[in-house]
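K.L.:
Sequence first, predicted model second:
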Amino acid sequence: MLKELSKIISEYVEVDPETITVHSRFVEDLGFNSYDFMSMIGELEDRYDIEVNERDVIQVKTVGDAIAYIKSLQ
């Protein structure tokens, strides 16, 4: 899932997908702003057929957090 998520991330911020790890932080390391992050969340909801709770998504700080959260909803 990391590889697929890395490709999605690179569509929203200018980061080489190969450099993204589970420890990469969305804001500090990858340069996400709140608009880009929420747009990406919408795409993830469609792609993985999940519904993200806005209160939960605030806790998602790293790519690893996102993977764990997506898996918990499937």
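P.N.:
Looks like it came in fine. Residues are numbered from 1 along each chain as shown.
K.L.:
Show the contacting residues for Asp56.
P.N.:
Tyr69 (CB atoms under 8 Å, 6 or more residues apart in numbering). No exception for glycine: its C-beta is placed from N, CA and C like everyone else's.
K.L.:
try Thr21
P.N.:
Counting by CB under 8 Å, 6+ apart, Thr21 touches Leu2, Val63.
K.L.:
which element is it on?
P.N.:
Under DSSP states H and E, no helix or strand contains Thr21.
K.L.:
Tell me which helix or strand comes right after the helix or strand of the chain with the lowest mean pLDDT.
P.N.:
Ranked by mean pLDDT, DSSP states H and E, the weakest helix or strand in the chain is helix 54-57, scoring a mean of 89. Once the chain leaves helix 54-57, the next helix or strand it forms, by DSSP H and E, is helix 63-73.
K.L.:
so how far is that next one from its chain's centroid?
P.N.:
Taking CA atoms, centre = their mean, to the nearest Å, one finds the center of helix 63-73 at 8 Å from the center of the full chain.
K.L.:
Over to stretch 10-22?
P.N.:
That offset, for stretch 10-22, works out to 10 Å (CA atoms, centre = their mean).
K.L.:
So which bits of that stretch are buried?
P.N.:
Of all the residues in stretch 10-22, those buried under the rule 16 or more other CB atoms under 10 Å are Ser10, Tyr12, Val13, Val15, Ile20.
K.L.:
Of those residues, which belong to helices?
P.N.:
Counted as lying in helices by DSSP state H, out of the buried residues of stretch 10-22, are Ser10, Tyr12.
K.L.:
Longest helix in this protein, please.
P.N.:
The chain, longest helix under DSSP H: helix 34-48.
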